[in-house]
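# Predicted model and sequence below, questions to follow.
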Amino acid sequence: MTSCPCVARAARLGALLLALGVLAGTGLVFSQAQDPPKPAAGKTDAPMFGNGPGRNMVNLTDKNIPGKFEVGETGVLKWKADLGSRAYGGPVIANGKVLVGTNNERPRNPRDVKKGPDGDEPIDKGVVMCFNEADGKFLWQAIHDKLPDKFAKDWPKEGVCATPLVDDGKVYYTSNRCVLMCLDLNGYKKGLKATRNHSDAKDKDAVYATPTDAGVIWRLDMINELGVAPHNMTAASPLLIGDILYISTANGVDENHTNIPAPQAPSFLAVDKNTGKVLWKKNDPGTAIMHGQWSNPAYADAGGAKQVVFPGGDGWLYSYAPVTGELLWKFDANPKSAFYELGGAGTKSDFIGTPVVVGDKLYIGTGQDPEHFTGIAHFYCIDLGKAVANAKKNPNKDVSPELVAKTEKGDDGKDKITGKPNPDSAVEWVYGGNDDRKYVPRDFKFGRTMSSACVVDGVVYISELAGYLHCLDAKTGKKFWQYDCKGAIWGSAYYVDGKVFLATEGADLFVFKHSKTPAVMDELDNPKAADQKAYNTAMKATRKKVEAEVLIAKIEFDAAIRSTPVAANGVLYVMTENALFAFEKKK
């Protein structure tokens, strides 16, 4: 996800899956476009961020997932594993293994410490840890040294922020060094490469090759090989379809936020999963990148077109043909009058959350680096059939809500843009924007989000950074209710077994009861309130009603949670910033 000199004490996110044919001009031949393989019978592994290529935070298979318990409750806590001091990436569960991204603040190997004024202390590194699914036993780890210009490209102590992807015995992820990695799921063994020691100037060929280190199959260094200049961190997780990986590169601005060092470097890649060879690349945001690029792509087969959708750092969505990289359509998620301002004062945003595809609809909200905190934002439902069809009508393939009507200089000397409706818009509905109702606590309906949507039974659950969970009608965008979790939300709502799980930076795990037909209980809709006091009284009464109707439990942990809970094979996984918990229903 995010971080920076003005943006950095924690962050990141995840991603996965797409498909193929003959790649023009390369001589490479791939299988035809295909859906990812189904998990083995009886297994409900979660090998990627978002459960599948559409990224929907929904698990329709697992049952008997605990929803009301104490963290250390005997018979419910299956196991607990220590991590570093930051954890954003994962967990993913596949082939009897559980993998997460973290840092090295609690070293597993004495090699990874140094002498400090008060004795041994951890060396700052990025880490991917692998545990045994059955009992949480530590198996191996991939160690990555920090980049030298750490404040600009690899923020201190953030670790590996990307969620790994597991496929066919291999692990794919982007490291803190902006390297796309392919590892053996079983760790290091003779015949495999090892991760390099970049920190020892005396021995540049030294490697990490102990029995608990990682076995490298291939690596793609996006800085040295492609000229990418990541901003603060690399946080994207691969999307895999057939034999092609799709990945955001994290290309962004420099440390001073005044320049884009590598506008021609790719922001988005298609890579052969077997070799690490780049098949095609795109730099569409180019000089329009606002900050960084920390979101992830999603896959759709809709409107008669297979497509991979990339959320750009300019606030535009770009849809590409998976095999050739041909642009199918593009979508500006900001009003034309919006403007970006570093630090969060502006009204224009990009994306931290990942697009979610359900059927022929795509759902995504706008957001910014969490250190910019909240501000006006929008949550969109896009009709992918319209997007594909309408893009064919205009040479720019623009299916945004608006087009530019005119541009003029404002009093401050900056461009002032006025928009007009786009007749080729693919918007199904939008939630958010200004809220001019009397007495409401803020002047916008939906705030910046780092979350991806959870869409189930025609209901959308989408959270925002400021701590609110919104429950909406997936077809119309109509609001059913909202709930204030009173803690910043970095992860996403996750549905399983009739319940919706949502965690906060305040160390709380909320469990909500899902309904196919939610009641309308909008705490902000109090038109009869005569004054602010009456409004607040009515709002509090509705909040209590919502809580009584939908809240199952609030479970208190001992550390911040900046990740999404995940269920697999009958077990609920919750990752705090320093530990991974596995819970099962009491027998």
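Arrived safely, thanks for sending.

# The worst-scoring helix or strand of the chain on mean pLDDT: how far from the chain's middle?
Ranking every helix and strand in the chain by mean pLDDT, DSSP states H and E puts helix 150-153 at the bottom, with a mean of 77. Centroid separation for helix 150-153 versus its chain: 21 Å, with Cα atoms, centre = their mean, to the nearest Å.

# what's the following helix or strand after it?
strand 165-167 (DSSP states H and E).

# contacts for that next one?
15-16, 45, 47-49, 92, 94-95, 97, 99, 171-173, 185, 237-240, 245, 273 (Cβ atoms under 8 Å, 6 or more residues apart in numbering). Glycine gets a C-beta too; all of them are placed from N, C-alpha and C.

# how many neighbours does residue 169 have?
By other Cβ atoms under 10 Å, the residues close to residue 169 number 12.

# all strands for the stretch 201-350 of the chain, in order.
Counting by DSSP state E, counting those that start in this stretch, the stretch 201-350 of the chain has strands at residues 207-208, 216-221, 239-241, 244-248, 268-272, 278-282, 298-302, 305-311, 316-320, 327-332.

# Now render the ones you listed as JSON lines, adding mean neighbour count and mean pLDDT.
Formatted as JSON lines, the strands of the stretch 201-350 of the chain follow (neighbours: other Cβ atoms under 10 Å; pLDDT from 0 to 100):
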{"stretch": "strand 207-208", "mean neighbour count": "18", "mean pLDDT": "87"}
{"stretch": "strand 216-221", "mean neighbour count": "19", "mean pLDDT": "96"}
{"stretch": "strand 239-241", "mean neighbour count": "28", "mean pLDDT": "97"}
{"stretch": "strand 244-248", "mean neighbour count": "28", "mean pLDDT": "98"}
{"stretch": "strand 268-272", "mean neighbour count": "24", "mean pLDDT": "98"}
{"stretch": "strand 278-282", "mean neighbour count": "19", "mean pLDDT": "98"}
{"stretch": "strand 298-302", "mean neighbour count": "25", "mean pLDDT": "98"}
{"stretch": "strand 305-311", "mean neighbour count": "25", "mean pLDDT": "98"}
{"stretch": "strand 316-320", "mean neighbour count": "25", "mean pLDDT": "98"}
{"stretch": "strand 327-332", "mean neighbour count": "22", "mean pLDDT": "98"}
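
# Quick one: those strands as TSV, columns for distance to residue 123 too.
Shown next, in TSV, are the strands of the stretch 201-350 of the chain (distance: least, Cβ to Cβ, whole Å):
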stretch	distance to residue 123
strand 207-208	12
strand 216-221	20
strand 239-241	32
strand 244-248	27
strand 268-272	30
strand 278-282	32
strand 298-302	36
strand 305-311	34
strand 316-320	39
strand 327-332	43
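
# and residue 357, bridged to which residues?
residue 362 (DSSP bridges).

# and residue 338, how far is that from residue 314?
Distance, residue 338 to residue 314, using Cβ to Cβ, to the nearest Å: 12 Å.

# Counting neighbours, go ahead and name the busier of the two.
Remark: of residue 338 and residue 314, residue 314 carries more neighbours, 23 against 18, as counted by other Cβ under 10 Å.

# pLDDT weak spots in this protein?
1-42, 150, 199-205 (pLDDT under 70).

# what about the longest helix in it?
helix 532-550 (DSSP state H).

# Adjacent strands (with direction) for the helix or strand following that one?
Heading C-terminal from helix 532-550, the first helix or strand you meet, by DSSP H and E, is strand 551-556. Strand pairing for strand 551-556, determined by DSSP bridges: strand 508-513 (antiparallel).

# Return the distance of the partner strand from the chain's centre.
Worked out by Cα atoms, centre = their mean, strand 508-513 lies 20 Å from the chain centre.

# Check stretch 128-140 too.
23 Å.

# Other residues contacting it?
Contacts of stretch 128-140 (Cβ under 8 Å, 6+ apart): 78-81, 83, 89, 93, 96-102, 108, 141-142, 160, 164, 171, 173, 175, 183, 185-188, 211-214, 569, 571, 580, 582.

# Got a quick ChimeraX command for the buried subset of those residues?
Listed next is the ChimeraX selection for buried residues among the contacts of stretch 128-140, using 16 or more other Cβ atoms under 10 Å:
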select :78,79,81,83,89,93,97,98,99,100,101,102,108,141,142,160,164,171,173,175,183,185,186,187,188,212,213,214,569,571,580,582
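
# Could you verify my assumption that residue 336 touches residue 398?
No - using Cβ atoms under 8 Å as the test, residue 336 is too far from residue 398 to be in contact (11.6 Å).

# Just the CA trace of the least confident helix or strand of the chain, in CSV.
Only the C-alpha atoms of helix 150-153 are listed here, as CSV (Å, rounded to 0.1, in the frame of the first residue of the first chain):
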residue,chain,number,x,y,z
LYS,A,150,15.7,3.9,2.0
PHE,A,151,13.7,7.0,2.7
ALA,A,152,13.0,7.6,-1.0
LYS,A,153,12.4,4.0,-2.1
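
# show me where the stretch 401-550 of the chain has strands.
Assigned by DSSP E, counting those that start in this stretch, the strands in the stretch 401-550 of the chain fall at 402-409, 415-421, 427-432, 454-456, 459-463, 468-473, 479-484, 494-496, 499-503, 508-513.

# Go through the ones you listed and name the closest to residue 310.
Comparison of the strands of the stretch 401-550 of the chain against residue 310 by Cβ to Cβ identifies strand 427-432 as nearest, at 18.6 Å.

# Settle this for me: residue 320 is touching residue 312, isn't it.
No - between residue 320 and residue 312 there is no contact under Cβ under 8 Å: 11.3 Å.

# who touches both of those two?
With Cβ under 8 Å, 6+ apart, residue 320 and residue 312 have common neighbours residue 268.

# Work out the gap between stretch 242-251 and the centre of the chain.
14 Å.

# Now it - C-alpha only, CSV.
This file holds the C-alpha atoms of stretch 242-251, laid out as CSV (Å, rounded to 0.1, in the frame of the first residue of the first chain):
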residue,chain,number,x,y,z
GLY,A,242,-2.4,-19.0,-17.0
ASP,A,243,1.4,-18.5,-17.4
ILE,A,244,1.4,-14.7,-17.1
LEU,A,245,2.0,-12.6,-14.0
TYR,A,246,0.7,-9.0,-13.9
ILE,A,247,2.2,-6.5,-11.5
SER,A,248,2.2,-2.9,-10.6
THR,A,249,5.8,-1.6,-10.3
ALA,A,250,5.4,1.2,-7.6
ASN,A,251,7.0,3.8,-9.9
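
# quick one: terminal-to-terminal distance for stretch 303-321?
12 Å (Cα to Cα, to the nearest Å).

# Any idea how far that stretch is from the middle of the chain?
Worked out by Cα atoms, centre = their mean, stretch 303-321 lies 16 Å from the chain centre.

# And for stretch 412-419?
In terms of Cα atoms, centre = their mean, the centre of stretch 412-419 is found 32 Å from the chain centre.

# Could you do stretch 92-99 as well?
Its chain's average C-alpha position is 19 Å from that of stretch 92-99, according to Cα atoms, centre = their mean.

# for stretch 57-76, same thing?
Using Cα atoms, centre = their mean, the offset of stretch 57-76 from its chain centre is 23 Å.

# So which residues make contact with that stretch?
By Cβ under 8 Å, 6+ apart, stretch 57-76 touches 44, 46, 50-51, 77, 356, 452-456, 492-497, 499, 511, 552-553, 555-558, 564, 566-570, 572, 581, 583-587.

# Which PyMOL command selects the buried ones in those residues?
Here is the PyMOL selection string for the buried members of those, based on 16+ other Cβ under 10 Å:
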select buried, resi 44+46+50+51+77+356+452+453+454+455+456+492+493+494+495+496+497+499+511+552+553+555+557+564+566+567+568+569+570+572+581+583+584+585
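
# And the closest residue to residue 271 other than its chain neighbours, how far from residue 127?
The spatially closest residue to residue 271, leaving aside those adjacent along the chain, is residue 245, at 4.5 Å (Cβ to Cβ, 6 or more residues apart in numbering). Applying Cβ to Cβ, the value for residue 245 to residue 127 is 21 Å.

# Kindly report the same for residue 528.
Noted for residue 528: a distance of 56 Å to residue 127, by Cβ to Cβ.
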